[in-house]
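Chemist: the sequence and its predicted three-dimensional model are supplied below.
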Amino acid sequence: MIKNITKYSTSTALAFMLLACGGGGGGTTPSSTTTTQSGTNTPSSQTPTPTSDNVNQDTNESIENNIAPYQKGVGTLTDLRLGLVWQDDVQVEIKTFLWQEEEKYIICRQSRSLSDCVDTSGNTAASYCEKMVLAGKNNWRLPTRDELDYLSYIYVDKLKHRKKSEYWTSSTSVDKDISLAYTGASFYSSPTRKNRSKSVRCVSGTPDPNPSSIREGADMLIDNKLSLMWQDDLYSIFITKPWLKKEKYETCYDDRTSGACRDTTGDTAASYCSNMILGGYTDWRLPTKGELDFLKKTYDDTFLDENEVRDHEMLIHKKIEKYWTSEDDDVDGRDPLNAKTSFNPWKKTEHLFVRCVRDIK
């Protein structure tokens with residue numbers, strides 16, 4: 001029987017749920033680990049030198065287990081693909097911090113001023129990372145939401161210290177309630193009040209503005225029925241983006257006929273797809289509602305009867321979540337403040353999942 005779909009893949013691993021940096025773990029503080037926070041630890045001038053035994057350079061292992069090359073240091077784990085160094089000492093299992101101190105949080109709630117709501121000075125998660133000295137580095141920071149999600153999926157079982165917990169990120173809410181910040185959990189992010197105490201895992205390195213640009217040999221699914229090529233890699237099950245930036249949304253809110261209602265420039269789902277380089281292709285886009293529904297009903301076995309005969313390949317990376325489409329409610333003459341998803345229309349500033357598609361020409 002001729003298959004209606006072709007699978008392009010360099011990886012055979014299936015998607016599975018993980019707690020961000022969670023799942024047990026333990027151990028003691030390495031003797032040469034240097035960490036300072038609030039003056040409680042004594043700095044050390046010793047810089048650890050990882051041995052070759054700590055380096056995973058096995059390409060086959062990386063492909064089969066969805067594990068990119070990494071290097072273990074003393075109190076650290078280095079992601080050699082993105083060039084990020086992660087804190088991996090016993091302090092990860094012990095320390096908890098607020099995202100914002102209580103008095104600053106109260107001021108933020110009263111003023112709703114962005115400058116007040118991002119003031120992380122004092123005994124906070126961000127300050128803890130900024131003051132930390134570990135493995136000879138003093139340029140630590142809170143990770144972004146995408147960075148923590150990536151770590152939780154790719155490297156969680158390689159971390160020595162991986163307490164099951166919620167971990168602060170540097171990302172703040174894009175909603176009107178700007179008193180919220182994001183934590184990583186189950187490799188998706190959820191907003192949490194900034195005056196709550198959460199775990200912290202710091203990172204060192206330059207944030208990757210567009211993780212998709214470094215993908216090589218990632219998965220793609222070819223739908224010959226609709227002549228479409230679908231993104232089917234790790235990023236399709238943990239990257240989240242807004243449909244519209246907050247400032248554009250507010251302009252649209254004041255004037256529903258404004259061009260801002262469909263101005264998807266900036267760090268949005270549409271821009272994420274248009275900037276993506278995957279499989280050597282650069283003409284990716286957000287799918288329409290019909291295209292995404294067809295993919296879900298036909299090629300996602302999560303939604304198929306277990307006895308149903310499948311004469312074609314299925315998605316490898318799948319997740320029962322809301323995914324953005326290119327359409328908004330204004331298409332039907334409704335409300336331009338909402339955009340369509342794989343389930344129901346959703347507020348355009350929400351961070352939802354993204355699966356890009358391209359036309360086969």
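Modeler: Arrived safely, thanks for sending.
Chemist: in stretch 123-133, what's buried?
Modeler: For stretch 123-133, a neighbour-count test (16 or more other C-beta atoms under 10 Å) marks 124-130, 132-133 as buried. For every residue, glycine as well, the C-beta is placed using N, CA and C.
Chemist: and for stretch 341-355?
Modeler: Residues of stretch 341-355 classed as buried: 341-342, 345-355 (neighbour count, 16+ other C-beta under 10 Å).
Chemist: hey, C-alpha coordinates of that stretch in CSV?
Modeler: The C-alpha trace of stretch 341-355 is given here as CSV (Å, rounded to 0.1, in the frame of the first residue of the first chain):
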residue,chain,number,x,y,z
THR,A,341,-5.6,27.5,18.2
SER,A,342,-5.9,23.7,17.7
PHE,A,343,-8.8,23.8,20.2
ASN,A,344,-10.5,27.1,20.9
PRO,A,345,-9.7,30.8,20.2
TRP,A,346,-7.3,32.2,22.7
LYS,A,347,-6.0,35.6,23.9
LYS,A,348,-3.2,36.7,21.6
THR,A,349,-0.7,37.6,24.3
GLU,A,350,-0.8,34.1,25.8
HIS,A,351,2.3,31.9,25.4
LEU,A,352,1.0,28.8,23.5
PHE,A,353,2.8,26.1,21.6
VAL,A,354,4.0,26.4,18.0
ARG,A,355,4.3,23.8,15.2
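Chemist: same question for that stretch, mean pLDDT?
Modeler: Averaging pLDDT along stretch 341-355 gives 91.
Chemist: do the same with stretch 136-147
Modeler: What stretch 136-147 shows for mean pLDDT is 88.
Chemist: and for stretch 313-326?
Modeler: In the prediction, stretch 313-326 has an average pLDDT of 86.
Chemist: likewise for stretch 205-219?
Modeler: Rounded mean pLDDT across stretch 205-219 is 51.
Chemist: ok, stretch 82-91 next?
Modeler: 92.
Chemist: how long is it end to end?
Modeler: Stretch 82-91 has an end-to-end distance of 24 Å (C-alpha to C-alpha, to the nearest Å).
Chemist: list the buried residues in that stretch.
Modeler: 82, 84-91.
Chemist: ok, so of these, who is nearest S227?
Modeler: L82 (33.4 Å; C-beta to C-beta).
Chemist: which of the three states applies to the closest one?
Modeler: coil (DSSP: H, G, I helix; E, B strand; the rest coil).
Chemist: from L134, how far off is the residue nearest to L159 when sequence neighbours are not counted?
Modeler: Closest residue in space to L159, ignoring its immediate chain neighbours: D88 at 5.3 Å, by C-beta to C-beta, 6 or more residues apart in numbering. Between D88 and L134 the distance is 9 Å, computed by C-beta to C-beta, to the nearest Å.
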